[in-house]
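Visitor: I would like the atomic coordinates for the input below:
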Amino acid sequence: VQLVESGGGLVQAGGSLRLSCAASGRTFSTYVMGWFRQAPGKEREFVAGIMWNDRTYVADSVKGRFTISRVNAETSMYLQMNSLKPEDSAVYYCAADTPYYSMSIPTSGADYDYWGQGTQVTVSS
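Guide: The predicted model follows:
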C-alpha cells in the first residue's frame with residue numbers, strides 16, 4: 001500500500017485547507033484510515049480516523065473544525081480543515097490500518113501499517 005498526501009501549505013489563522021491522501025491497492029475500501037500530525041519537538045498526534053463504513057472519530061483538539069472523509073471509488077481520503085489555528089501547524093500524515101473490516105479506529109500510530117511521506121501545514125498568526 002502506498003500513500004501520498006497533498007494539499008498542505010501556508011495559510012493565515014482562521015483560514016482553511018483540504019488535505020488529500022491518495023492510496024494504492026484494490027482493498028482500500030476495507031481499511032481504517034487515519035490522519036496524524038507532528039509538530040517540531042512534539043510527539044505524533046492522532047487527528048482523525050475513518051472506518052470502511054464511513055464511521056469517523058475526530059480528536060477533541062480539532063472537533064468541530066476538521067472533517068475527515070473518504071471516497072473508496074477514488075481510493076482517496078480527505079481532511080477538510082477549517083478555522084485553522086497556529087497550533088495546527090505540523091506535518092500531516094495519512095496512515096492505513098490494513099486488517100480487513102477492522103471494527104475500531106486506532107488512535108495510536110503503532111496500530112497503523114502504512115504511512116505517507118507527510119505534507120506540511122503552516123498556520124500564521
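Visitor: contacts, neighbours, all on C-alpha from now
Guide: Fine.
Visitor: Confirm for me that Thr67 is in contact with Ala59.
Guide: No - proximity of Thr67 to Ala59 does not meet the contact threshold set by Cα atoms under 8 Å, at 10.5 Å.
Visitor: and these two? which has more neighbours close in?
Guide: For Thr67 versus Ala59, neighbours defined as other Cα atoms under 10 Å are more numerous around Thr67 (19 against 14).
Visitor: if I look at the more buried one, how far off is Ser83?
Guide: Counting by Cα to Cα, to the nearest Å, the gap between Thr67 and Ser83 amounts to 12 Å.
Visitor: Can you point out the helix or strand that includes the residue nearest in space to the middle of the chain?
Guide: For the chain, the residue nearest the mean C-alpha position is Trp35 (2.1 Å; Cα atoms, centre = their mean). For Trp35, the element it lies in under DSSP states H and E is strand 32-38.
Visitor: Next: Val121.
Guide: Taking DSSP H and E as the criterion, Val121 maps to strand 119-124.
Visitor: How about Glu43?
Guide: Using DSSP H and E, Glu43 maps to neither a helix nor a strand.
Visitor: how deep is it tucked in, by neighbour count?
Guide: 9.
Visitor: got the contact list for the strand holding Trp35?
Guide: The contact list for strand 32-38 (Cα atoms under 8 Å, 6 or more residues apart in numbering) reads 44-52, 77, 79, 90-98, 101-102, 104-105, 109.
Visitor: tell me the angle of it relative to strand 119-124?
Guide: Counting by axes from the mean of the first three to the mean of the last three Cα atoms, to 10 degrees, strand 32-38 points 50 degrees away from the direction of strand 119-124.
Visitor: Tell me the buried residues in strand 32-38?
Guide: Neighbour counts over strand 32-38 (16 or more other Cα atoms under 10 Å) mark Val32, Met33, Gly34, Trp35, Phe36, Arg37, Gln38 as buried.
Visitor: How about the last one: which residues does it bridge to?
Guide: By that I understand Gln38. On DSSP bridges, the residues paired with Gln38 through beta bridges are Val91.
Visitor: next one: the second one
Guide: Legend: beta-bridge partners of Met33 under DSSP bridges are Ile50, Ala96.
Visitor: pLDDT value on it, please?
Guide: We note a pLDDT of 97 for Met33 in this prediction.
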